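> Got a predicted structure here, sequence first:
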Amino acid sequence: MMKKAILAACAVLLGAGAAFGGLFSEDPGEVSVNGVYWFPGAGQFDLFDSGYGAAVSYREWFSFPWGAGVNLGVAQWQVNNASHAFKYNQLTDYDGDALLIPFGASLYFNLIDWDNWNVILETGLQYVFVDSGVTFVNNEEGVPANVQGKQDVDIGGAVLWNVGAEYEYMVSENVYVAGGLGFQTDVVNEDTKYAGRTLRDASLAAIYARLGAKFLF
């Protein structure tokens, strides 16, 4: 219920920004909608093989070329079945996926402002809710029955820092197509447990690529 409430609240915030564009500057507000693909493992933590999802953001240029905005996303990350993420040979047969709901704020710098295209740099922080469907098989001998066999892995929330760049091309007066690349890393790692036992912290460090559209209001 908490995740749904926060998701709804962020959606209302983004919707309000779109409806009342130009709250903090004379320039129009901007809403972007993107598909995103992640390439995990950048932090040498190989639990996840890939991730995909969507993100919505609202941005204003409060003192051009500087801007700020908020963002909200949803993603599904797939487990790497050949993983050895927790560095213990008795844990095998990794499987499943994880649902991620990131939201946060970003700072932008318009590096190139040309007639019909822009190059924009960005950095920001996100909090990520993680609904884990990750499992593995515990092959340890001589441990209680509740920690043997197939186990569910509980992954806590995380704080991520990201840095990236985006190219935008105008296709009409108020619409741009956009594509970007970036990198995210953990500021606060994800506490990870199974059957009440603590594991090595998970990591959501990854390279990401995104493609979508920007709308001016």
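Nice, I can see it.
> use CA for all of it now, contacts and neighbours both
Will do.
> Skip the chain neighbours and tell me the closest residue to residue 27.
Closest residue in space to residue 27, ignoring its immediate chain neighbours: residue 61 at 6.8 Å, by CA to CA, 6 or more residues apart in numbering.
> In the chain, where is pLDDT below threshold?
1-26 (pLDDT under 70).
> Which parts of it are strands?
If DSSP state E is used as the criterion, the strands of the chain fall at 30-40, 48-63, 66-79, 91-95, 97-113, 117-132, 134-138, 149-155, 158-172, 175-188, 192-194, 197-198, 206-216.
> Sheet-wise, list the partners of the first one with their directions.
To tie it back to what came earlier, the one meant is strand 30-40. Listed by DSSP bridges, the sheet partners of strand 30-40 and their directions read strand 48-63 (antiparallel), strand 206-216 (antiparallel).
> Mind putting those into TSV with distance to residue 108 and mean neighbour count?
What follows is the strands paired with strand 30-40, written out as TSV (distance: least, CA to CA, whole Å; neighbours: other CA atoms under 10 Å):
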stretch	distance to residue 108	mean neighbour count
strand 48-63	8	21
strand 206-216	15	20
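> Please tabulate the ones you listed in CSV, including the columns distance to residue 106.
Shown next, in CSV, are the strands paired with strand 30-40 (distance: least, CA to CA, whole Å):
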stretch, distance to residue 106
strand 48-63, 9
strand 206-216, 16
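> wait, which of those is closest to residue 85?
For those, proximity to residue 85 was assessed by CA to CA; strand 48-63 is nearest, at 8.8 Å.
> Touching that closest one from outside, list them.
When contacts are taken as CA atoms under 8 Å, 6 or more residues apart in numbering, the neighbours of strand 48-63 outside the stretch itself are 14, 17-18, 22-25, 27-41, 67-80, 83.
> are any of the residues you listed buried, and which?
Members of the contacts of strand 48-63 that pass the buried threshold by neighbour count (16 or more other CA atoms under 10 Å) are listed as 14, 17-18, 22, 27-41, 67-80, 83.
> Could you check how many residues crowd around residue 118?
Counted with other CA atoms under 10 Å, the neighbours of residue 118 add up to 18.
> what sits opposite it in the beta ladder?
residue 113, residue 168.
> Now for it: which residues touch it?
With contacts defined as CA under 8 Å, 6+ apart, residue 118 is in contact with 110, 111, 112, 167, 168, 169.
> how much space is there between the fourth one and residue 109?
The span separating residue 167 from residue 109 equals 12 Å under the rule CA to CA, to the nearest Å.
> I appreciate the help and will end here.
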